[in-house]
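Colleague: Fold the following for me, if possible:
(chains A and B)
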Amino acid sequence: MSGQRDEFIRAYDEHSDALFRYCLFRVSDREMALDLVQECFMRAWNYLSRGKEVGAMKPFLFKTMHNLIVDEYRRKKSLSLDVLAESGFDPGEDQSGELMSAIDAERAFALLAKLPEEYREVLFLRYVEELPFEEIAQMTGESKNALAVRAHRGIEKLRGLIEEKV
Amino acid sequence: MTREENIFNAAKSAGLRDAERARIRTRLEAFVNEHLAIVPSPYGNLFLIFMHRSVMIPLSLLLIVALSGGTAFAAEKALPGDTLYSIKININERVETALAASDLDRAAVVAHHALTRIAEVRLLAAKGRLDDVTASKADATLAKNVTEHAAVVEKLTAEGDFAAAGDATLALETAFDTEYQKLVAEEKTQKSQEKGEAALSFIAKAVRTYSNATSDQRIVAESRQLAVEGKDRERIAAERARDNAESGLLAFSSTGSAAKASIPPESSRMMTLFALPAEGKDSSASASQDTSLKGDAMVSATGTVSADAQARLEEARQFLVEGKARLDAEAYTDAFVFFKKAARATADARLLLRVANESQQESQKGDSGTSTSSSSPQSVPPSKGDAPTRIDGSVKGTIDLGL
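Modeller: Coordinates of the predicted model:
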């Protein structure tokens, strides 16, 4: 059990930033994203401590986080990426503490938030979090092919947004 | 690299701040350790929080025993109201504090003592010995511990060791947060009824009161650190803190805050537990000691929570206004402090409203069609600056942020 505990804490060290980033992108509320990251890991540990097994930790954690965010949407129906796009948010600091990177992150988030809803998540998970389509499909319950096509269209839309900005 | 790749790479740089990562990790470790234990010790969690300091305290105890014989050892298990309690507080704990190797260690030892007060209250409640006298003794000692901790943090800040000051406040803040998480978990699992009621009330109030005070100290330490880093860094940090505070408040006003602020005419114990007593009266505390909590007493407690949340939001708005004035005057550090306080007050209000919301859901589940007419919505005391109106059988308090 002690080995499993240490492995779990290592998983936190390894994946907490990615999960937080994904959550922040979806909920656009830093405090709520912090709460959900904590909740995600606690739920994951509850699952593991009951003797259940998971294949790979990263997709399991992302799936748990995805479910938490969906629950939160359903419960409050108050999370809006439009708020993020209009009012901005605090993206935190990157690992190196470079302020410019944090500012860039804010701009990048705001731009991605302007994409139509159906493209946002798949682009973020595929190209920011670098999850394979297979794992995204497991998270969202959609087919790999559908996701790949949507990601391709999403890239086109993003290009269009960049062109508008230039 | 394409422009799209640049966007994705930039997004990748967002992440947790070091303090946030550490805070969640500490809570997670406590949670994981708690769920490893088969027979949890009432003191177990407290030691886990400060595991890296844990060697120091037993060593201190050995020294105390060597010097004083068995009395000091026996006093270790004393609770407020016991004859030996003053020995535990005035001798044992003072020796432990005096033996701390550094100010940061001293802060950790004192924080451990503060949490021991909370464990004592739990034990008193379990033994059926928690009454006004013992609770008051525990509270007075806890206040002393927190004051002592604050003094150490002030010393660290005055000496320019801002990182240590920040760590010390974060440790106590995190410990209080952990107690809050346990409190919520206990409430959800209905572990504690009757005897635990007063203990939960005590802990909830202690967590809110002292956690907010500690947070203020952390903000000051952070602002001092900024002042050292230069004007540009101060300005940027102040602007970011402003954006954060504004978006927190906007989340209330633009994303369905009215629904969050909806306060039912009846509620669960959690609402009463989190309502701090208003100045000059202690309606929530007296209500919390009544385990039946029905009728007007519950309505009164509900109203207190609503007013408390409104008051915190109003405070947040004032802090924001003050911060903006300081920002315009290029007093960036002061502005940073006000914006951080605004964010903290908003988070506090959110906590109160979340508790209210959960209570509403619980009461709806529990009622399952049962009439709740014993508590008339009209009897809810009006919230600060805004009279509640009855909407479909519930009391809805609107929140005017004035933004």
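
Colleague: Quick one: classify residue A:55 as helix, strand or coil.
Modeller: Classification of residue A:55 using DSSP: H, G, I helix; E, B strand; the rest coil returns coil.

Colleague: For it, grab the count of nearby residues.
Modeller: Residue A:55 has 8 neighbours, counted by other C-beta atoms under 10 Å in any protein chain shown. Glycine gets a C-beta too; all of them are placed from N, C-alpha and C.

Colleague: Can you tell me how far residue B:210 is from chain A?
Modeller: Per C-beta to the nearest C-beta, to the nearest Å, residue B:210 is found 20 Å from chain A.

Colleague: Let me know whether the lengthiest helix in chain A sits next to chain B.
Modeller: As assigned by DSSP state H, the longest helix anywhere in chain A is helix A:2-27. Yes: using C-beta under 8 Å from any C-beta of the partner chain, helix A:2-27 reaches chain B at A:2, A:5, A:8, A:9, A:12, A:13, A:16, A:17, A:20, A:21, A:24, A:25.

Colleague: Make a ChimeraX selection of whichever of the residues you listed turn out to be buried.
Modeller: Buried residues within the residues of helix A:2-27 next to chain B, by 16 or more other C-beta atoms under 10 Å in any protein chain shown, are selected in ChimeraX with:
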select /A:5,8,9,12,16,17,20,21,24,25
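
Colleague: where does the most centrally placed residue in chain A land on pLDDT?
Modeller: Residue closest to the mean C-alpha point of chain A, counted by C-alpha atoms, centre = their mean, is residue A:22 at 1.8 Å. With respect to pLDDT, residue A:22 has a value of 92.

Colleague: Can you tell me, leaving aside adjacent residues, what's nearest to it?
Modeller: Among residues not flanking residue A:22 along the chain, residue A:129 sits closest, at 5.9 Å (C-beta to C-beta, 6 or more residues apart in numbering or on different chains).

Colleague: ok, back up a step: pretty sure the residue nearest to the centre of chain A is touching residue A:61, no?
Modeller: No: under the criterion of C-beta atoms under 8 Å, residue A:22 makes no contact with residue A:61, lying 9.9 Å away.

Colleague: who's in contact with residue A:57?
Modeller: Counting by C-beta atoms under 8 Å, 6 or more residues apart in numbering or on different chains, residue A:57 touches A:11, A:15.

Colleague: if I look at it, how far off is residue B:73?
Modeller: 45 Å (C-beta to C-beta, to the nearest Å).

Colleague: pLDDT weak spots in the stretch 151-300 of chain B?
Modeller: B:163, B:177-178, B:180-198, B:229, B:251-300 (pLDDT under 70).

Colleague: again, only using 80
Modeller: For the stretch 151-300 of chain B, the stretches with pLDDT under 80 are B:160-164, B:166-168, B:170-215, B:217-218, B:221-222, B:224-234, B:236-237, B:240, B:244, B:247-300.

Colleague: same deal with chain A?
Modeller: Looking at chain A by pLDDT under 80, you get A:1-3, A:49-55, A:71-106, A:141, A:164-166.

Colleague: Show me the helices in it, by range?
Modeller: A:2-27, A:30-49, A:57-76, A:81-87, A:99-113, A:117-123, A:133-140, A:144-165.

Colleague: Are the second one and chain B in contact anywhere?
Modeller: Yes: with C-beta under 8 Å from any C-beta as the criterion, chain B is reached by helix A:30-49 at A:30, A:31, A:34, A:37, A:38, A:41, A:42, A:45, A:46, A:49.

Colleague: Turn those into JSON lines, including neighbour count.
Modeller: What follows is those, written out as JSON lines (neighbours: other C-beta atoms under 10 Å in any protein chain shown):
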{"residue": "A:30", "neighbour count": "23"}
{"residue": "A:31", "neighbour count": "18"}
{"residue": "A:34", "neighbour count": "21"}
{"residue": "A:37", "neighbour count": "28"}
{"residue": "A:38", "neighbour count": "22"}
{"residue": "A:41", "neighbour count": "26"}
{"residue": "A:42", "neighbour count": "19"}
{"residue": "A:45", "neighbour count": "21"}
{"residue": "A:46", "neighbour count": "13"}
{"residue": "A:49", "neighbour count": "15"}
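
Colleague: In JSON lines: those residues, plus distance to residue B:227.
Modeller: JSON lines is the format used below for those (distance: C-beta to C-beta, whole Å):
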{"residue": "A:30", "distance to residue B:227": "24"}
{"residue": "A:31", "distance to residue B:227": "25"}
{"residue": "A:34", "distance to residue B:227": "26"}
{"residue": "A:37", "distance to residue B:227": "31"}
{"residue": "A:38", "distance to residue B:227": "31"}
{"residue": "A:41", "distance to residue B:227": "35"}
{"residue": "A:42", "distance to residue B:227": "37"}
{"residue": "A:45", "distance to residue B:227": "40"}
{"residue": "A:46", "distance to residue B:227": "43"}
{"residue": "A:49", "distance to residue B:227": "45"}
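
Colleague: quick one: which of those is nearest residue B:242?
Modeller: residue A:30 (13.7 Å; C-beta to C-beta).

Colleague: The closest one contacts residue B:244, doesn't it?
Modeller: Yes: assessed by C-beta under 8 Å, residue A:30 is found in contact with residue B:244 at 6.5 Å.

Colleague: Who are the packing partners of the helix or strand harbouring residue B:8?
Modeller: Following DSSP states H and E, one finds residue B:8 within helix B:3-12. Counting contacts by 3 or more C-beta pairs under 8 Å, 6 or more residues apart in numbering or on different chains; DSSP states H and E, helix B:3-12 packs against helix A:2-27, helix A:99-113, helix A:144-165.

Colleague: Quick check: which of those is nearest to residue B:123?
Modeller: Proximity to residue B:123 (C-beta to C-beta) singles out helix A:2-27 among those, at 27.3 Å.

Colleague: ok and the closest one relative to helix A:30-49, angle-wise?
Modeller: 150 degrees (axes from the mean of the first three to the mean of the last three C-alpha atoms, to 10 degrees).

Colleague: got the angle between helix A:2-27 and helix B:3-12?
Modeller: 120 degrees.

Colleague: by contact count, what packs against the longest helix of chain A?
Modeller: Packing partners of helix A:2-27 (3+ C-beta pairs under 8 Å, 6+ apart): helix A:30-49, helix A:57-76, helix A:99-113, helix B:3-12, helix B:18-34.

Colleague: my guess is residue A:128 meets residue B:10, correct?
Modeller: No: the pair residue A:128 / residue B:10 is not scored as a contact, 9.3 Å apart, by C-beta under 8 Å.

Colleague: Turn the helices and strands packed on helix A:2-27 into JSON lines, columns for distance to residue A:157.
Modeller: What follows is those, written out as JSON lines (distance: least, C-beta to C-beta, whole Å):
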{"stretch": "helix A:30-49", "distance to residue A:157": "25"}
{"stretch": "helix A:57-76", "distance to residue A:157": "22"}
{"stretch": "helix A:99-113", "distance to residue A:157": "10"}
{"stretch": "helix B:3-12", "distance to residue A:157": "10"}
{"stretch": "helix B:18-34", "distance to residue A:157": "32"}
